[in-house]
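Enquirer: I need the structure of the sequence given here:
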Amino acid sequence: MNPRRAAACLALAAVLLAAAGLLWRSERDAPAVAFTTLGGKPVTASELRGKVVLVNFWATSCAVCERELPELIATYRTYAPRGFEIVAVAMPYDRPDWAVDYARRRELPFTVALDYDGTINRAFGGIEATPTAFLIDKRGRIVRRTMGQPDFAELRTRIQRELDRESGS
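Expert: I've put the predicted structure just below:
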């Protein structure tokens, strides 16, 4: 391939990747899933409407998940009284007893859900790396996706902004 054609192909690929990134960043409805808590209670996405929700996919073997846990707990405790919720979804490959033990030993104050068959994982686009988190606004729209440990100062700013918004706006 000649250098001009290669450069044109690279430029086209860059434009397509940028467009895909813009499409992903745009708000979209969160999947209408039912989370099954460690206690076996179903929590539906519609029950979470009116709250700002962080759906966080994690694994018991994930070192980054372990490192981010104190910040997640602190964020939850700060904003939960204002209508913020965290649903920590254990990856399908984690045994339920591992997830239960992990949550119990760390005294997790937020909702922990099991994804027995990968249904929730697939509904959110097929999560391949942990942690991966989705911030959902009061209307049930995904407003932010983060792979890896988030910048918690930035995340808290976004949570605050979403909590301050009226439900209908």
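
Enquirer: Quick one: mean pLDDT for the host helix or strand of residue 100?
Expert: Using DSSP states H and E, residue 100 sits in helix 96-105. For helix 96-105, the mean per-residue pLDDT is 96.

Enquirer: how about it: buried residues?
Expert: 99, 100, 102, 103 (16 or more other C-beta atoms under 10 Å). C-beta coordinates here come from the backbone N, C-alpha and C atoms, glycine included.

Enquirer: and what of stretch 46-61?
Expert: So stretch 46-61, judged by 16+ other C-beta under 10 Å, has buried residues 48, 51, 52, 53, 54, 55, 56, 57, 58, 59, 60.

Enquirer: Quick check on the nearest residue to the first one once chain neighbours are set aside: phi, psi?
Expert: Among residues not flanking residue 48 along the chain, residue 85 sits closest, at 6.2 Å (C-beta to C-beta, 6 or more residues apart in numbering). Main-chain dihedrals, residue 85, degrees, to the nearest 10: phi -130, psi 150.

Enquirer: how about residue 85, what does it touch?
Expert: By C-beta atoms under 8 Å, 6 or more residues apart in numbering, the residues touching residue 85 are 48, 51, 52, 53, 54, 110, 111.

Enquirer: Using the three-state scheme, assign the fourth one.
Expert: Local secondary structure at residue 53 is given as strand here, using DSSP: H, G, I helix; E, B strand; the rest coil.

Enquirer: how many other residues sit next to the residue lying closest to residue 44 once chain neighbours are set aside?
Expert: Of all residues not flanking residue 44 in the chain, residue 34 sits nearest, at 4.8 Å (C-beta to C-beta, 6+ apart). Neighbour count for residue 34, taken as other C-beta atoms under 10 Å: 14.

Enquirer: Residue 84: what's its closest spatial neighbour, skipping adjacent residues?
Expert: In this structure, residue 84 finds its nearest non-sequential neighbour in residue 52, 5.0 Å apart by C-beta to C-beta, 6+ apart.

Enquirer: Quick check: the gap between residue 139 and residue 80.
Expert: From residue 139 across to residue 80, the span is 19 Å (C-beta to C-beta, to the nearest Å).

Enquirer: ok so, going back, redo the buried residues of helix 96-105 as JSON lines? Include distance to residue 144.
Expert: As requested, the buried residues of helix 96-105 are arranged in JSON lines below (distance: C-beta to C-beta, whole Å):
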{"residue": "99", "distance to residue 144": "24"}
{"residue": "100", "distance to residue 144": "29"}
{"residue": "102", "distance to residue 144": "25"}
{"residue": "103", "distance to residue 144": "24"}
